[in-house]
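Participant: just need the structure, nothing else, for what follows:
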Amino acid sequence: MLIRKPDVIVREVGPRDGLRNVTTFLPTESRVYWLTEEYEAGVRENQVCSFVTEQVFAQFRDCTEVLSHALRQPELVVSA
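Facilitator: A predicted model of the protein is given here:
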């Protein structure tokens, strides 16, 4: 059987890069929902957060919780 690699890989970066400059904190539940919906839609690579100090980017103060949720999704490639 011939195994073919996909021609295109969708790697979502919104949960990290898209929120980087948002000043209003997006609740953890909303970020978890976002990740879950993307996973259920078939996205298998997701950049979920950034390990920077809260003083620089307060948006990522819940990175541990969001990352923990992402890592429980089977076959999801997670980066930060």
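Participant: just the buried positions in the top helix by length along the chain, please.
Facilitator: In terms of residue count, the longest helix belonging to the chain (DSSP state H) is helix 28-40. Across helix 28-40, burial judged by 16 or more other Cβ atoms under 10 Å covers 31-32, 34-35, 38-39. Placement of C-beta: from N, CA and C, glycine included.
Participant: just the buried residues of the helix or strand that that helix is followed by, please?
Facilitator: Of the helices and strands lying after helix 28-40 in sequence (DSSP states H and E), the nearest is strand 45-47. Buried residues in strand 45-47, counting neighbours by 16+ other Cβ under 10 Å, are found at 46-47.
Participant: packing partners of strand 45-47?
Facilitator: Using 3 or more Cβ pairs under 8 Å, 6 or more residues apart in numbering; DSSP states H and E, the elements in contact with strand 45-47 are strand 11-12, helix 28-40, strand 77-79.
Participant: what lines up beside it in the sheet?
Facilitator: strand 11-12 (parallel), strand 77-79 (parallel) (DSSP bridges).
Participant: in a markdown table, list these along with distance to residue 1 and mean neighbour count.
Facilitator: Formatted as a markdown table, the strands paired with strand 45-47 follow (distance: least, Cβ to Cβ, whole Å; neighbours: other Cβ atoms under 10 Å):
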| stretch | distance to residue 1 | mean neighbour count |
| --- | --- | --- |
| strand 11-12 | 27 | 15 |
| strand 77-79 | 23 | 15 |
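Participant: out of the ones you listed, which is closest to residue 50?
Facilitator: Distance to residue 50, taken as Cβ to Cβ, is lowest for strand 77-79 among the strands paired with strand 45-47, at 10.0 Å.
Participant: contact partners of that closest one?
Facilitator: Outside of strand 77-79, the residues within contact range by Cβ atoms under 8 Å, 6 or more residues apart in numbering are 44-48, 67, 70-71.
Participant: pick out the most distant pair among the residues you listed.
Facilitator: 44 and 67 (16.2 Å).
Participant: which one of the helices and strands packed on strand 45-47 lies nearest to residue 22?
Facilitator: Shortest distance between residue 22 and those, using Cβ to Cβ, is found for helix 28-40: 11.2 Å.
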